[in-house]
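**Student:** Test case, fold it:
(chains A and B)
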Amino acid sequence: MGKEEIIEKINDFLIDEFEVEAEDIQPEANLKDTLELDSLDFVDLVVAIEANFGVKLVGEDFVGITTLQDFYDLIENKIS
Amino acid sequence: MNLLKSKIADKETLLKLIPQRDPIVMISALTSYTENAVVSELEISNETLFVKEEELKEPGLIEHMAQTVALYTGYHFYINNMQAPEGYIGAIKGVEINKLPKVGDTLVTEVNILQEIMGVTLVKGVTRLNDEVIMTAQMKTVLKK
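**Tutor:** Numbers count the residues shown, from 1 in each chain, chains lettered A, B, ... in the order given. So this is what the prediction gives:
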């Protein structure tokens, strides 16, 4: 799966399942502040990632993940 | 595989597994514990919280399911010689209640752990009365920091 496809899939479920506004989805967007994902959303994020990419995230994976770009990179690294 | 040798119905032991105390204890027994699931029972009496006119109302069913999640976490802590942690319901969705149980009924609730991360537990729960499903819900519980 290419980087573009990963980003597209993540963006799609952020819009569809997490009600994030499309215009807020920018690589530099802060996951918590800009996208307003709270700790309860993170568990859904883990479920969505497992369903879409077949990889399981754990709490430690989120250490240092601040922006959407960080998150894209995390998933890309997990898949590869 | 059920990791319990036998059902735990002794109140003193149960109180070591959950942080709730009377009058809000809504668990009568722990009947099964596996790596990803737990089954509890609740015998409904007139003293059970949220019983009105001989019927356990909706908040009682939800609280019972939430305490079953607490039981899952609490038993895990217990077998690791740690005190049951406090927590709270963070979110509930997809609640379907088909029937309200009555005084004298015994509920059997099975909770399956779908995900646990950063102190948040996402579960799917089913409550049965005489093998009939009376409630289903998805719930997120959060451990108090």
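**Student:** only C-alpha atoms for contact and neighbour calcs from this point on.
**Tutor:** OK.
**Student:** Chain B contacts on chain A?
**Tutor:** When proximity is defined as C-alpha under 8 Å from any C-alpha of the partner chain, chain A approaches chain B at A:Ser39, A:Leu40, A:Phe42, A:Val43, A:Val46, A:Val47, A:Val58, A:Gly59.
**Student:** mind listing what the last one touches?
**Tutor:** Pointing back at A:Gly59 there. A:Gly59 sits next to B:Ile117, B:Met118 when contact means C-alpha atoms under 8 Å, 6 or more residues apart in numbering or on different chains.
**Student:** circling back to that earlier point, quick check: the farthest pair among the residues of chain A next to chain B?
**Tutor:** Across the residues of chain A next to chain B, the longest distance by C-alpha to C-alpha is 14.2 Å; it joins A:Leu40 and A:Val58.
**Student:** More neighbours: which of these two?
**Tutor:** Neighbours per residue (other C-alpha atoms under 10 Å in any protein chain shown) separate A:Leu40 from A:Val58, with A:Leu40 holding more: 19 against 14.
**Student:** ok now the helix or strand hosting that one, how far from the chain's centre?
**Tutor:** Element membership of A:Leu40, judged by DSSP states H and E, is helix A:39-53. How far helix A:39-53 lies from its chain's middle: 8 Å, per C-alpha atoms, centre = their mean, to the nearest Å.
**Student:** what's in contact with it?
**Tutor:** So helix A:39-53 is contacted by A:9, A:13, A:18, A:55-58, A:79, B:90-91, B:115-118, B:120-122, B:140 (C-alpha under 8 Å, 6+ apart).
**Student:** Would you mind listing what in chain B touches chain A?
**Tutor:** Listed as neighbours of chain A in chain B under the rule C-alpha under 8 Å from any C-alpha: B:Gly90, B:Ala91, B:Gln115, B:Glu116, B:Ile117, B:Met118, B:Val120, B:Thr121, B:Leu122, B:Lys140.
**Student:** Now intersect the residues you listed with the helices, please.
**Tutor:** Counting by DSSP state H, no part of the residues of chain B next to chain A is found in helices.
**Student:** If anything else comes up later, I'll come back, but that's it for now.
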